[in-house]
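# how would this look folded up:
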Amino acid sequence: MENITVNQAVAYFIISALIDSKTKENPAMVAAIAELYTSLVKY
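Purely as a prediction, here's the structure:
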């Protein structure tokens, strides 16, 4: 159950952050989020 909650929170964070960075045209933020997501998925 805990994994589902964490995955939903991560997905929400990534989606909102990607939308935000798209609006601000900030590719560095997208790269940082992709890196963070990769490390979280591995864990």
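# In this structure, which residue is most central in space?
A centroid search over the chain (CA atoms, centre = their mean) returns Ile14, at 2.5 Å, as the residue closest to the centre.
# can you give me the mean pLDDT across whatever helix or strand that one lives in?
Using DSSP states H and E, Ile14 falls within helix 2-24. Per-region confidence: helix 2-24 scores 72 on mean pLDDT.
# Would you mark the buried spots in the following helix or strand past that helix?
Once helix 2-24 ends, the next helix or strand along the chain (criterion: DSSP H and E) is helix 27-42. Along helix 27-42, these residues count as buried under the neighbour rule (16 or more other CB atoms under 10 Å): Ile33. Backbone N, C-alpha and C define where each C-beta goes, glycine included.
# And the average pLDDT for helix 27-42 is what?
Per-residue pLDDT values over helix 27-42 give a mean of 74.
# Convert that helix to CSV, retaining C-alpha atoms only.
As requested, the backbone C-alpha atoms of helix 27-42 are provided in CSV (Å, rounded to 0.1, in the frame of the first residue of the first chain):
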residue,chain,number,x,y,z
PRO,A,27,15.1,22.3,-19.5
ALA,A,28,17.5,22.1,-16.5
MET,A,29,14.6,21.5,-14.2
VAL,A,30,13.3,18.7,-16.5
ALA,A,31,16.7,17.0,-16.4
ALA,A,32,16.9,17.3,-12.6
ILE,A,33,13.4,15.8,-12.3
ALA,A,34,14.2,13.0,-14.7
GLU,A,35,17.3,12.2,-12.6
LEU,A,36,15.4,12.3,-9.4
TYR,A,37,12.7,10.0,-10.8
THR,A,38,15.3,7.5,-12.0
SER,A,39,16.9,7.3,-8.6
LEU,A,40,13.5,6.9,-6.9
VAL,A,41,12.4,4.1,-9.3
LYS,A,42,15.7,2.3,-8.7
